[in-house]
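In: Have a look; sequence and predicted model below, questions after that.
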Amino acid sequence: MVVVMNLTAGSEQIAAVQQRLEQYGFEIHFIRGVKRLVIGAVGDRQEIASLGLEAMPGVERIVPIMKPYKLVSRESKGKPSTIKVKDVTIGDRSLVVIAGPCAVESREQLLAAAIRVRAAGAGILRGGAFKPRTSPYSFQGLEEEGLKILSEASQETGLLTVTEIIDEASLELALKYVDMVQVGARNMQNFQLLRLVGRSGKPVILKRGFSSTVEEWLMAAEYVVSEGNENVVLCERGIRTFENATRNTLDLSAIPLIKDLSHLPVIVDPSHATGVQRLVAPMARAAVAAGADGVLVEVHPEPCKALCDGPQSLTPEDFDQLMVELRMVASAVGRVVGGGCI
């Protein structure tokens, strides 16, 4: 449940409510809005009636939450959250574009990609330093050297950076070099990793597992938020179905559904969803039309030479055209391409 405190509630009244909740074994999470404080309480629903919270000074109302995900549910805040990553905001009227190669392959490759996506209007540079691959013989990433190159590209271009982390060691390294981390589809239910990301406080993109339900996805986000990190951005990247014409099946219906169920912002990765370069732009446009707060696309200076995911990567020229199209679609649905973009 959430306890909504009224506008005049003082610190002593808030402390009294907290003490009452903790007395009955509830776990407390403070959610501070612009005008008022909401107290998220996770515990035994059967105890609610016996608490007498409605009669306590400073309490405006009690909102029971029936869903298993409490802190990320729409009811816990009542309005959409916005996530700040330095000067980029995700979840407001602006549309954030995250772009770059699947993997950092070299300094020259990443800087070439960064300069081009920045010029086109991207706000965040993506690049994998740790690559969890199906085959142990595939390129696994440059690891810390890749992170250093990402940091250098950020300094050169002014772009913020995001990279995927795969375990505790990669998280600890990434925290030193990038502005945002990503938990990939394979690790969506790596609950220990989710807890560590939650404790880090670092803004995180949480991708949907390719065989995960929306509820399982939101429960994964709950792990992060329950550790005190509210800076979570959900990313729809396609789910595995019987169809094999595309890499995955992009579930665009998840976008408005998430908006209805959760206050967290949601972005879409059409590159991994389709696995086909010519399908990326149409699905990116569709995602914006469906209400996504941003898109994450793969851009490589020379896709034919990419060490991973070349077939789904846009050329810089393709990306330039996509940005033109995204601005038109964003305008049609009352948004602008922004989030720190030029």
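Out: Yep, it's here. All figures in this text were calculated on a predicted structure; none of them were measured in a lab. Numbers count the residues shown, from 1 in each chain.

In: right, and residue 142 touches residue 104 too?
Out: Yes. Counting by C-beta atoms under 8 Å, residue 142 does reach residue 104; the two are 5.5 Å apart. For glycine as for every other residue, the C-beta is placed from the backbone atoms N, C-alpha and C.

In: neighbour-wise, which of those two wins?
Out: Taking neighbours as other C-beta atoms under 10 Å, residue 142 and residue 104 compare with residue 104 leading, 29 against 22.

In: How about the more buried one: what's its closest non-neighbour residue?
Out: Excluding its sequence neighbours, the residue lying closest to residue 104 (C-beta to C-beta, 6 or more residues apart in numbering) is residue 146, at 3.7 Å.

In: SS state for that neighbour?
Out: What DSSP: H, G, I helix; E, B strand; the rest coil gives for residue 146 is helix.

In: what number of residues lie near it?
Out: 24.

In: List the contacts of it.
Out: 103, 104, 127, 128, 129, 130, 163 (C-beta atoms under 8 Å, 6 or more residues apart in numbering).

In: if we can go back for a sec, identify the contacts common to residue 142 and residue 104.
Out: Common neighbours of residue 142 and residue 104 (C-beta under 8 Å, 6+ apart) are 129, 149.

In: residues making contact with the helix ranked longest in the chain?
Out: Across the chain, the longest stretch assigned as helix under DSSP state H is helix 316-332. Outside helix 316-332, the residues that touch it by C-beta under 8 Å, 6+ apart are 95, 97, 99, 113, 116-117, 120-122, 277, 280-281, 284-285, 288-289, 295, 297, 299, 301, 314, 336-337.

In: Among those, which ones are in strands?
Out: 95, 97, 99, 295, 297, 336, 337 (DSSP state E).

In: Where do the domain boundaries of this structure fall?
Out: 2-64, 83-337 (automatic domain parsing).

In: of those domains, which approaches residue 71 most closely?
Out: Proximity of the domains of the chain to residue 71 was assessed by C-beta to C-beta; the nearest stretch is domain 83-337, lying at 4.4 Å.

In: average pLDDT across the closest one?
Out: Mean pLDDT, domain 83-337: 96.

In: How far does it stretch from one end to the other?
Out: 16 Å (C-alpha to C-alpha, to the nearest Å).

In: and the gap between the residue sitting nearest the centre point of the chain and residue 120?
Out: Nearest residue to the geometric centre of the chain (C-alpha atoms, centre = their mean): residue 233, 2.0 Å. Going from residue 233 to residue 120 by C-beta to C-beta, to the nearest Å gives 21 Å.

In: roughly how far is stretch 174-190 from the heart of the chain?
Out: Averaged C-alpha coordinates place stretch 174-190 at 10 Å from its chain's average position (C-alpha atoms, centre = their mean, to the nearest Å).

In: Stretch 269-276 too?
Out: 17 Å.

In: List the contacts of that stretch.
Out: By C-beta under 8 Å, 6+ apart, stretch 269-276 touches 102, 185, 207, 235-238, 246-250, 279-281, 283-284, 287, 295-298, 309, 311-314.

In: please redo it, this time with the cut-off set to 7 Å
Out: Stretch 269-276 is contacted from outside by 235, 237-238, 246-248, 250, 280, 283-284, 287, 295-298, 311-312, using C-beta atoms under 7 Å, 6 or more residues apart in numbering.

In: got it, and stretch 2-21?
Out: By C-beta under 7 Å, 6+ apart, stretch 2-21 touches 28, 35-41, 51, 53, 56-63, 65, 75-76.

In: Now, those that are in helices?
Out: 51, 75, 76.

In: End to end on stretch 89-105, go ahead and measure it.
Out: Stretch 89-105: ends 28 Å apart by C-alpha to C-alpha.

In: Show which residue of this structure lies farthest from the average position.
Out: Most remote from the centre of the chain, using C-alpha atoms, centre = their mean: residue 55, at 38.2 Å.

In: What pLDDT does the model give that one?
Out: According to the prediction, residue 55 has pLDDT 88.

In: oh, and call the first residue 19 from now on, that's how I've got it
Out: Sure, I'll start numbering at 19, so the last one becomes residue 73.

In: Give me the neighbour count for residue 120.
Out: 25.

In: ranges for the helices of this protein?
Out: With helices called from DSSP H, the chain shows them at 29-41, 66-69, 92-95, 125-138, 162-175, 186-195, 209-218, 232-244, 272-279, 288-292, 295-307, 334-350.

In: Give me whichever of the ones you listed is most buried.
Out: helix 288-292 (a mean of 27; mean count of other C-beta atoms under 10 Å).

In: which residues touch the spatially closest residue to residue 124 that is not a sequence neighbour?
Out: Using C-beta to C-beta, 6+ apart and skipping residues adjacent in sequence, the residue nearest residue 124 is residue 167, 7.6 Å away. Taking C-beta under 7 Å, 6+ apart, we find residue 167 in contact with 122, 125, 128.

In: Could you tell me how many residues sit around the closest residue in space to residue 111 that isn't next to it in sequence?
Out: Closest residue to residue 111 apart from its sequence neighbours, by C-beta to C-beta, 6+ apart: residue 353 at 5.5 Å. Counted with other C-beta under 10 Å, residues neighbouring residue 353 total 19.

In: how close does residue 353 sit to residue 112?
Out: Counting by C-beta to C-beta, the gap from residue 353 to residue 112 is 7 Å.
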